[in-house]
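Visitor: please work out how this folds:
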Amino acid sequence: MDVRLDAEICAVGDLAAQFFDEGIVILFGEHAPEELADFAVLHRCHHVNGGVTPGDRVLLGDAELTVTGVGSVVNEHLPALGHLVLKRDGRHEPQLPGDLCCDEGAIPELAAGMRLRILGPEEG
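Guide: A predicted model of the protein is given here:
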């Protein structure tokens, strides 16, 4: 199994859920500036390896999402800042450079202590 990211959610900002209703999760590493923390899901990264590509899988707790598009700075910002904007919009061409587009659907309920993983496509 090709693990691209293994992280633990350490906090969900007070205003982050407003974005969930729109199919958006703003992710930042646990040391994000305080002014961003209210809008973001903060995570503690245990492992980053390689870049994210379409066809990869995002595991949020028990939910599995499929990556459909990767913005031009995602693979730079994820290891450096723990940052990306996950959007469940099904786009193959992201609107913004930091967008990680996934198949359409709802954002699962997120809470501190949950695991966040990005894995390569299933083999076989």
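Visitor: which elements pack onto the lengthiest strand in the chain?
Guide: The longest strand of the chain (DSSP state E) is strand 3-12. Applying 3 or more Cβ pairs under 8 Å, 6 or more residues apart in numbering; DSSP states H and E, one finds that strand 3-12 makes contact with strand 41-48, strand 115-119. For every residue, glycine as well, the C-beta is placed using N, CA and C.
Visitor: which residues does the residue most central in space within the chain bridge with?
Guide: Residue closest to the average C-alpha location in the chain (Cα atoms, centre = their mean): residue 86, at 4.8 Å. Counting by DSSP bridges, residue 86 forms beta bridges with residue 25, residue 100.
Visitor: so it makes contact with residue 22?
Guide: No. Between residue 86 and residue 22 there is no contact under Cβ atoms under 8 Å: 11.4 Å.
Visitor: against residue 9, how distant is residue 30?
Guide: Per Cβ to Cβ, to the nearest Å, residue 30 is found 10 Å from residue 9.
Visitor: buried set for the top helix by length along the chain?
Guide: Of all segments of type helix in the chain, defined using DSSP state H, the longest is helix 74-81. Buried residues in helix 74-81, counted by 16 or more other Cβ atoms under 10 Å: 74-75, 77-78, 81.
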